[in-house]
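Student: Sequence and predicted model, in that order:
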Amino acid sequence: MKFQETVINFAVYEDKTEFMGIADVQLPDLTSLTQQLSGAGIAGNIEAIIPGHFEAMTMTMNFRTTTAAALKLSEPRRHNIDIRVANQMEDTVAGKIQVESVKHVLVVIPKKDGGGKLAAASATDASGEYAVRYWATYVDGKKIREIDPMNSICLINGTDYLVDVRKALGK
């Protein structure tokens, strides 16, 4: 049995160039779109989720200092971001520590540039907030999730929940 323990470390890349000075990353939330239902045969109101449809996704990156690389992410265009994570796992049966590879591939567009603060002998705490257009997650090289609203793809654990919608629309 594998027990997930912690993130050992991570690195953020754009165009095969590693961004240094990133303090942390807040990955997007997936919040399903819903429709409230009421009427005959329903005792009150219920929410129906719309499979594969999500609220707008946002990602935040916090930087220790202001750098040219961080400022490059302010360019008003699509950025292809690759976040590579090394997770620490413990095999509780074998008694060994193992490393699990997780990779997040995101296409983002900047929406907010937080300049941070300036103080002597302190981090700047600059940040960037990004609208997410695409998000795929790989665990040990296997694609586990792909969210692509522009192409009506919602792949989770090998099932594309929008394949029948695309067929119905002739896509």
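Tutor: Cool, got the structure. Numbers count the residues shown, from 1 in each chain.

Student: Which helix or strand contains Arg166?
Tutor: helix 163-168 (DSSP states H and E).

Student: Lys111 falls within a helix, correct?
Tutor: No. Checked against DSSP: H, G, I helix; E, B strand; the rest coil, Lys111 lies outside a helix; its state is strand.

Student: going forward, begin numbering at 41 instead of 1
Tutor: New numbering, starting at 41: the last item is Lys151.

Student: close enough to count as contact, it and Arg173?
Tutor: No. In terms of CB atoms under 8 Å, Lys151 does not count as a neighbour of Arg173; the distance is 11.5 Å. Where C-beta positions appear, they are placed from N, C-alpha and C, glycine not excepted.

Student: Which one's more surrounded, the two?
Tutor: Arg173 (17 against 14; other CB atoms under 10 Å).

Student: mind listing what the more buried one touches?
Tutor: Going by CB atoms under 8 Å, 6 or more residues apart in numbering, Arg173 touches 118, 147-149, 189-190.

Student: Please repeat the previous calculation with a cut-off of 7 Å.
Tutor: Contact analysis of Arg173 by CB atoms under 7 Å, 6 or more residues apart in numbering lists 118, 147-149, 190.

Student: Which of the helices or strands spans it?
Tutor: Element membership for Arg173, per DSSP H and E: strand 166-179.

Student: before we move on, what about Met99?
Tutor: strand 97-103.

Student: ok, that strand: who's next to it in the sheet?
Tutor: Sheet partners assigned to strand 97-103 using DSSP bridges are listed as strand 62-66 (antiparallel), strand 166-179 (antiparallel).

Student: List the buried residues of the strand holding Arg173.
Tutor: Going by neighbour count (16 or more other CB atoms under 10 Å), the buried part of strand 166-179 is 166-168, 170-178.

Student: Same question for stretch 135-144.
Tutor: Result for stretch 135-144 [16+ other CB under 10 Å]: buried residues 140, 142-144.
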